[in-house]
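J.: Sequence and predicted structure are below.
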Amino acid sequence: MSEVPDTGRVIADRYRLLDPLGEGGAGTVWRARDEVLGREVAVKEVRIPAALPAAEAERLHVRLEGEVRTAARVTHRNVVTVHDVVTQDSRPWIVMELVRGLTLSDVLEADGPLSPRRAARIGAEVLAALRGGHAAGVLHRDVKPGNVLLANDGRVMLKDFGITADRGTPELTLAGEPISTPEYVAPERATGRTPGPESDLWSLGVLLYAATEGRSPFGRDTPADTLRAVADEEPPPPDRAGVLGPVIEGLLRGDPAERLTAGEAERRLRILAAGGTGSPTGPPAAPPGDGTDATDGGGGSAADPPEPDGPAQRTGVLVAVAAVVTLLVALGLVWALAGDDGQDDRSGGTAAVTAWSASPPAGAGANASTTHGKGAPRDGAPSSAHG
């Protein structure tokens, strides 16, 4: 047996702790085995500071259990599923889907900032998860890189939905209420106002900023200074976000009513993830060619206009063929009239012109095929990459 304490322990007569996956001030997340269903799960051990009065600790336990049961209503492909909440040693343990992979914070720490396109793909999946939770009436309240899982199978998963993770050492808003992570909290929450779905969108904007810039726009030396920056200061314009910049700026508007809506933000992010471009004053342009970014070795440039397709294109080809035939006929007549009287091959020249008149030149047919191939597909531009 491992020397890690509690390894092998069974929680609630069902979940056997195997090894720790991560640890923080709020507790430890374990890889565990569900002895009833015979599957591996993640079990989060929630810790409450020992110095907290018993009545306050009990209040937090009850509140957390209620939040976990509410979060279990969120079923979405991008949300880590909550299976169960049990009580052991007078405190709650949260049983969740086990996702193998790394957190976005781990990736940023190891590899540095992401490209705008990769950040957009991750952001689109996180936003899809948020929309699923909001549709179920649940706010996340702690959107940050540490809560985004990049699974080994390619999925992007949002964990701790509706569960404030940092209950062990909560920070306070400027109005004295506990919050989760100051750098990612929306200004309305920092000042003690009631949050809504737009608050999660703000946090997503900070996450995208940090993913492309390598730092939070509001990080300060102390939590109090960070909250003041969130409440009172405009974020500095991103330098590395590129085409993602307008989406970030749209999510980081101080007035919740002026932020990009979830639907519009997700639409833009998916187009950017597929290689399209965006602007702050209009909708993003559709991605070029095959939906890949030209800088990533994809298809043609978005600046290349598609050539006409369908009847208009075929009409153009026929006009070109007719012009060629007319020119050849004219040349044949000139040659016939100007030829040597002693050479009796005018009929041969006429036959050649007649043959050209009967069928278009081989080059014209080839050009028609090539031109059609360069244009946009008949069934429209490819759909945005789903990720």
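T.: Happy to help now that I have it.
J.: mind giving me the domain ranges of this protein?
T.: If you go by automatic domain parsing, the domain ranges for the chain are 1-98, 100-303, 311-374.
J.: For those, which has the smallest mean pLDDT value?
T.: Set side by side, these differ in mean pLDDT, and domain 311-374 is lowest with a mean of 40.
J.: what ranges do the strands span in the chain?
T.: Assigned strands in the chain, in chain order: 10-11, 15-24, 27-34, 39-46, 82-88, 91-96, 101-103, 148-151, 156-158, 171-172, 178-179, 277-279, 282-285 (criterion: DSSP state E).
J.: what's the first one packed up against?
T.: Right, strand 10-11. strand 15-24 (3 or more Cβ pairs under 8 Å, 6 or more residues apart in numbering; DSSP states H and E). C-betas here are computed from N, CA, C, even on glycine.
J.: orientation of the strand it packs on relative to strand 91-96 in degrees?
T.: 100 degrees (axes from the mean of the first three to the mean of the last three Cα atoms, to 10 degrees).
J.: send the alpha carbons of strand 15-24 over as CSV?
T.: Taking C-alpha atoms only, strand 15-24 is exported to CSV below (Å, rounded to 0.1, in the frame of the first residue of the first chain):
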residue,chain,number,x,y,z
TYR,A,15,-15.6,4.7,-2.8
ARG,A,16,-12.1,3.4,-2.3
LEU,A,17,-9.4,6.0,-2.4
LEU,A,18,-6.5,4.9,-4.7
ASP,A,19,-4.1,7.9,-5.1
PRO,A,20,-4.3,11.7,-5.0
LEU,A,21,-4.7,13.6,-8.3
GLY,A,22,-4.2,17.1,-6.9
GLU,A,23,-4.2,19.0,-3.7
GLY,A,24,-5.0,22.6,-2.7
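J.: which parts of it are buried?
T.: When burial is assessed from 16 or more other Cβ atoms under 10 Å, strand 15-24 yields the following buried residues: 15, 16, 17, 18, 20, 21.
J.: With stretch 184-198 instead?
T.: Per 16+ other Cβ under 10 Å, stretch 184-198 contains these buried residues: 184, 185, 186, 187, 188, 189, 190, 191, 195, 197, 198.
J.: which one of the buried residues of strand 15-24 is nearest residue 4?
T.: The closest of the buried residues of strand 15-24 to residue 4 turns out to be residue 20 (Cβ to Cβ; 6.1 Å).
J.: who are the neighbours in contact with the closest one?
T.: Listed by Cβ atoms under 8 Å, 6 or more residues apart in numbering, the contact set of residue 20 reads 4, 28, 29, 30, 31.
J.: ok, 6 Å please
T.: Residue 20 makes contact with 28, 30, according to Cβ atoms under 6 Å, 6 or more residues apart in numbering.
J.: so how far is residue 28 from it?
T.: According to Cβ to Cβ, to the nearest Å, residue 20 stands 5 Å off from residue 28.
J.: Ok, residue 68 next?
T.: For residue 68 relative to residue 28 (Cβ to Cβ), the value is 16 Å.
J.: more neighbours, the two?
T.: Neighbours per residue, other Cβ atoms under 10 Å: of residue 68 and residue 28, the larger number sits with residue 68, 23 against 18.
J.: The more buried one is in contact with residue 86, isn't it?
T.: No: with contacts defined as Cβ atoms under 6 Å, residue 68 does not count as touching residue 86, sitting 10.0 Å away.
J.: Can you get me the start-to-end distance on stretch 250-269?
T.: Distances were taken as Cα to Cα, to the nearest Å; on that basis the terminal residues of stretch 250-269 are 12 Å apart.
J.: which residues sit against that stretch?
T.: By Cβ under 6 Å, 6+ apart, stretch 250-269 touches 120, 123-124, 127, 131, 187, 198, 201, 204-205, 235, 247, 278, 284.
J.: one more time with 8 Å
T.: Judged by Cβ under 8 Å, 6+ apart, the contacts made with stretch 250-269 from elsewhere in the structure are 120-121, 123-124, 127-128, 130-131, 134, 186-188, 196-199, 201-202, 204-206, 208-209, 217, 234-235, 246-247, 278, 280, 283-284.
J.: In ChimeraX, how would I select the buried members of these?
T.: In ChimeraX, the members of the contacts of stretch 250-269 classed as buried (16+ other Cβ under 10 Å) are selected with the following command:
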select :120,121,123,124,127,128,130,131,134,186,187,188,197,198,199,201,202,204,205,206,208,209,217,235,246,247,278,284
